[in-house]
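Enquirer: Sharing a sequence plus its predicted fold:
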Amino acid sequence: MKQKYSTDMSPSERAALWRQRLFEAEAGLTRYLTETRGGQDIDGWIAVRSEIFADLPGRGTDTGPDSGARAGADLAGDWQRVFFRAQALMERFLVSRYGHGELAAWARAGAEVHRYVEPGHGRGALDPVLRVARQAELYGSRYRVVEDGAERAVLEISHCAIWDYREQARARGVRITLASPCEYCVHATGANIAAKGYAPRHELTEGPDGPGCIWEAQCAA
């Protein structure tokens with residue numbers, strides 16, 4: 001059950017967060033290839049990007065809060081599918097060429113994008129923790145804010161529903177590269193918190209509700 005900080009989002013807000021997450025990940029991988037690989041595999045990356053941006057939801061329509069035919073829960077669900085497909089494509093591209101060890105470098109590059117595109121709300125350490133909570137909300141995970149201070153904030157996810165969605169996507173034919181979503185998510189979440197100037201700490205958990213995690217953001221010493 002959610003505590004005093006609401007992470008409820010309207011369908012248009014959910015769709016917007018999916019789009020922002022897609023932008024952060026794709027721009028981060030482009031940055032990684034530019035800075036770390038000197039533009040290596042340009043042709044391959046352009047081909048993957050063409051798959052990522054094919055058949056986007058709402059093309060040719062207004063996708064704002066008051067949009068018509070494609071507004072609402074259907075649009076948010078469409079952007080969720082686009083994001084997950086894109087994430088799977090990017091993971092396969094990176095791992096097949098450079099190996100699992102480069103996931104952390106991609107995450108750090110994406111966090112530099114996140115630093116600029118994720119707004120602050122003046123709540124200190126709680127801001128990056130609530131961003132993680134909103135991501136958990138997107139998938140329908142079970143979570144709660146345990147500590148909500150400006151100096152230190154903690155989020156507990158008792159059931160991470162990314163695991164559930166992965167199997168739904170696999171059933172739709174999405175090729176999954178990573179054995180666990182945590183292989184990338186831990187790097188990305190920690191890097192995002194650090195990019196906002198806070199020290200991240202995490203613990204992966206396995207409880208009665210299934211796989212989960214605990215995330216902490218604390219003011220750096």
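Expert: Cool, the structure landed. Please read all numbers here as calculations on a predicted model, not as lab measurements. Residues are numbered from 1 along each chain as shown.

Enquirer: all contacts plus neighbour counts: C-alpha atoms, from now on.
Expert: OK.

Enquirer: tell me which helix or strand of this protein sits lowest on mean pLDDT?
Expert: helix 162-171 (a mean of 93; mean pLDDT, DSSP states H and E).

Enquirer: who touches that helix?
Expert: With C-alpha atoms under 8 Å, 6 or more residues apart in numbering as the contact definition, helix 162-171 has outside contacts at F84, Y139, S141, I176, P181, P211.

Enquirer: okay, the angle between the helix or strand where the last one lies and helix 162-171?
Expert: Meaning P211. Remark: P211 resides in strand 210-219, with elements defined by DSSP states H and E. Interaxial angle, strand 210-219 versus helix 162-171 (axes from the mean of the first three to the mean of the last three C-alpha atoms, to 10 degrees): 120 degrees.

Enquirer: helices or strands next to strand 210-219 in the packing?
Expert: Applying 3 or more C-alpha pairs under 8 Å, 6 or more residues apart in numbering; DSSP states H and E, one finds that strand 210-219 makes contact with helix 126-139, strand 152-159, strand 198-207.

Enquirer: need the contact list for A105.
Expert: By C-alpha under 8 Å, 6+ apart, the residues touching A105 are Y32.

Enquirer: where does it fall, helix, sheet strand or coil?
Expert: Following DSSP: H, G, I helix; E, B strand; the rest coil, A105 is assigned to helix.

Enquirer: Return the distance of the least confident helix or strand of the chain from the chain's centre.
Expert: On the basis of C-alpha atoms, centre = their mean, to the nearest Å, helix 162-171 sits 15 Å off its chain's mean C-alpha point.

Enquirer: hey, C-alpha coordinates of it in CSV?
Expert: Coordinates of each C-alpha in helix 162-171 appear next as CSV, following Å, rounded to 0.1, in the frame of the first residue of the first chain:
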residue,chain,number,x,y,z
ILE,A,162,8.9,-6.3,-14.3
TRP,A,163,9.4,-10.1,-13.9
ASP,A,164,5.8,-10.7,-14.7
TYR,A,165,5.8,-8.3,-17.7
ARG,A,166,8.9,-10.0,-19.1
GLU,A,167,7.1,-13.3,-19.4
GLN,A,168,4.1,-11.6,-21.1
ALA,A,169,6.5,-9.9,-23.5
ARG,A,170,8.3,-13.2,-24.1
ALA,A,171,4.9,-14.8,-24.9
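
Enquirer: Just the buried residues of it, please?
Expert: By neighbour count with 16 or more other C-alpha atoms under 10 Å, helix 162-171 contains the buried residues I162, W163, Y165, R166, A169.

Enquirer: got CSV for the residues you listed, with distance to Q135 too?
Expert: Formatted as CSV, the buried residues of helix 162-171 follow (distance: C-alpha to C-alpha, whole Å):
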residue, distance to Q135
I162, 10
W163, 13
Y165, 13
R166, 15
A169, 17
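
Enquirer: Closest one of those residues to A191?
Expert: Distance to A191, by C-alpha to C-alpha, is smallest for I162 among these, at 18.9 Å.

Enquirer: Spit out the contact partners of D8.
Expert: Counting by C-alpha under 8 Å, 6+ apart, D8 has contacts R134, E137.
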